[in-house]
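Colleague: Here is a sequence with its predicted model. Questions after.
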Amino acid sequence: MPHISLPEGLTGIRGAMAFRPETARPLNALAEVLLHAPNTLSAGERELIATYVSYLNDCYYCQTCHGYIAAALHDGDEELVRRVKADFQHADISEKLKALLVIAGKVQKGGKQVTADDVDFAHTVGATDLEIHDTVLIAAAFCMYNRYVDGLDTWQPHAEALYRERGKHVAKVGYISASNEYLPPKPAAELIVK
């Protein structure tokens, strides 16, 4: 039962965002840029980073939802997502992504845990400065998103089919388009270009 009165029928972060659209829009815009917009890291790789950090934070909603988005972006490979969460060093992913997951895991513990050696190693296996930057920001943002979801004790049903279908949908349309389903239209004053 959520700690505050959130809109009914919306799982996890969607309920919290529908409660406060003014903060939801920039949070969704950040997720869109970090996870869905064009990048040298694939959307599937970035979703795996978000899933892994959410797993480390024990956020059921985010690790499940983003895990299914990641699976959808990897041709439905749900086993890959399970392997990344359990032991990414032995998962069938690139050495670059493994190095970035090391960095993401350290950010989850605390930003100062990331070392110059971690970054140097990521560079040696092909990570760019932008990819390292975005990995750190995805990890930091998901610590925030996870705490937002769990701090309000949002509704997080254990219904895998629900998350699987939502994951396919978000993988296809992105975060901003998906949020239009539960956020009211922007007030006319916000639509005026200045």
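Modeller: On my side now, so go ahead.
Colleague: Tell me how far Gly105 lies from Pro157.
Modeller: Taking C-beta to C-beta, to the nearest Å as the measure, Gly105 falls 28 Å from Pro157. C-betas here are computed from N, CA, C, even on glycine.
Colleague: More neighbours: those two, which one.
Modeller: Shown here are Gly105 and Pro157; by other C-beta atoms under 10 Å, Gly105 has more neighbours (19 against 12).
Colleague: Can you say which helix or strand has the more buried one in it?
Modeller: Assigned by DSSP states H and E, Gly105 falls within helix 95-109.
Colleague: And the very next helix or strand once past that helix, what does it pack against?
Modeller: The C-terminal neighbour of helix 95-109 among helices and strands, as given by DSSP H and E, is helix 116-124. Judged by 3 or more C-beta pairs under 8 Å, 6 or more residues apart in numbering; DSSP states H and E, helix 116-124 is in contact with helix 95-109, helix 129-151.
Colleague: how much does the longest one deviate in direction from helix 116-124?
Modeller: For helix 129-151 and helix 116-124, the angle between their directions (axes from the mean of the first three to the mean of the last three C-alpha atoms, to 10 degrees) works out to 120 degrees.
Colleague: In space, what's closest to the residue nearest the centre of the chain - neighbours in sequence excluded?
Modeller: Residue closest to the mean C-alpha point of the chain, counted by C-alpha atoms, centre = their mean, is Ala50 at 3.8 Å. Leaving aside its chain neighbours, Ala50 sits nearest to His66 (4.5 Å; criterion: C-beta to C-beta, 6 or more residues apart in numbering).
Colleague: just to revisit the earlier point, looking at the helices and strands packed on helix 116-124, spot the one closest to Leu35.
Modeller: Nearest to Leu35 among the helices and strands packed on helix 116-124 is helix 129-151; the distance by C-beta to C-beta comes to 7.2 Å.
Colleague: Enumerate the positions of that closest one that are buried.
Modeller: 131-132, 134-136, 138-139, 141-143, 145-146, 148-150 (16 or more other C-beta atoms under 10 Å).
Colleague: Surely Gln89 touches Lys98?
Modeller: Yes: counting by C-beta atoms under 8 Å, Gln89 does reach Lys98; the two are 6.0 Å apart.
Colleague: Compare the two (neighbour count), which wins?
Modeller: A count of neighbours by other C-beta under 10 Å puts Lys98 above the other of Gln89 and Lys98, at 17 against 11.
Colleague: so what's the more buried one scoring on pLDDT?
Modeller: At Lys98, the model reports a pLDDT of 98.
Colleague: contacting residues for it?
Modeller: Phe88, Gln89, Ala91, Val125 (C-beta atoms under 8 Å, 6 or more residues apart in numbering).
Colleague: quick check, nearest of those to Ala171?
Modeller: Ala91 (19.1 Å).
Colleague: what's near enough to touch Ile4?
Modeller: Neighbouring residues of Ile4 by C-beta under 8 Å, 6+ apart: Phe19, Leu152.
Colleague: helix/strand/coil for it?
Modeller: In three-state terms, and counting by DSSP: H, G, I helix; E, B strand; the rest coil, Ile4 is coil.
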